[in-house]
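Asker: coords please:
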Amino acid sequence: MIGKQLDIITKRSIYLFIAVASIYVINSLVIRLFYIDDIFFFNTYGGKFNADEAHKILQLDKSWGFIKFLFIPITLFIRISFVVLCFYIGLYLAEIRVSMRELYKVVIVAEFTFILFTIIRTILVFNHSFTSFEELGGYSPFRFISTVKLNSYPDWIKIPMGILNSIEFLYWLVLSFLLAKLMKWNFLKSLSFVLKTYVLGLLVWILFVVFIVIVVFK
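Answerer: I've put the predicted structure just below:
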């Protein structure tokens, strides 16, 4: 009986993951096909390469650019697995046994928080006239600090502020709510667990990235 329930959870999680990954891919395709034009490539690479080289980059993207969309499900799976692993380790240390399949379902459902704001961002993008990949990539209407102000700060501030935004905080709350339902905890206990596991792991990851960027690449 338990095995059948876990199999059902696994199938649902797989279907949910495919749905989430598909939405991200479609969103990226919409921007690439209906918003980004040739001028993006020349404005982005024109100052670094000559016109012929920039044109070759453009043609290369038209021929092989679809490959980058294949990495969306991979990076999504890695990000979801990171959250699941943080939860699983926290529960294991607390001597609480929970199936990773159930944790995957919780985290995948919580991912719809990011999807909602990703779609909103795309809608807002079409109301702006960006002309380079730097402008488009730097557009984040949900940050606490605007991109213009953020660029004036050193890297060790820009990196965490680029990750820790209002959507991320909302994601913590959604995770806490879903985890509370799974574990039969009250919301505050669940939020405390999320902060001590996933958020702590996220901060360690941010510190690692800051170290790599500042120490290695500088």
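Asker: For residue 153, pull up the helix or strand it's in.
Answerer: Counting by DSSP states H and E, no helix or strand carries residue 153.
Asker: So what's the residue count around it?
Answerer: The tally of other residues near residue 153 (other C-beta atoms under 10 Å) stands at 12. To be clear about C-beta, it is placed using only N, CA and C from the backbone, and glycine gets the same treatment.
Asker: and the residue lying closest to residue 28 once chain neighbours are set aside, how many neighbours?
Answerer: Spatially, and ignoring its direct neighbours in sequence, residue 28 is nearest to residue 69 (6.0 Å; C-beta to C-beta, 6 or more residues apart in numbering). One way to gauge burial is a neighbour count; for residue 69, by other C-beta under 10 Å, it gives 14.
Asker: how close does residue 69 sit to residue 36?
Answerer: Applying C-beta to C-beta, to the nearest Å, the value for residue 69 to residue 36 is 13 Å.
Asker: ok, now residue 50?
Answerer: Distance of residue 50 to residue 36, given as C-beta to C-beta: 21 Å.
Asker: higher neighbour count, the two?
Answerer: Set residue 50 next to residue 36 and count neighbours by other C-beta under 10 Å: residue 36 wins out with 17 against 10.
Asker: and the more buried one, helix, strand or coil?
Answerer: coil (DSSP: H, G, I helix; E, B strand; the rest coil).
Asker: How about it: what's its closest non-neighbour residue?
Answerer: residue 136 (7.4 Å).
Asker: so for stretch 119-127, what's the average pLDDT?
Answerer: In this model, stretch 119-127 carries a mean pLDDT of 95.
Asker: Just the CA trace of that stretch, in PDB.
Answerer: Written as PDB, here are the backbone C-alpha positions of stretch 119-127 (Å, rounded to 0.1, in the frame of the first residue of the first chain):
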ATOM      1  CA  ILE A 119       5.800  35.100 -16.400                       C
ATOM      2  CA  ILE A 120       5.000  38.500 -14.900                       C
ATOM      3  CA  ARG A 121       8.600  39.600 -15.600                       C
ATOM      4  CA  THR A 122       8.300  38.400 -19.300                       C
ATOM      5  CA  ILE A 123       5.100  40.500 -19.600                       C
ATOM      6  CA  LEU A 124       6.900  43.500 -18.200                       C
ATOM      7  CA  VAL A 125       9.900  42.900 -20.500                       C
ATOM      8  CA  PHE A 126       7.600  43.400 -23.600                       C
ATOM      9  CA  ASN A 127       6.700  46.800 -22.200                       C
END
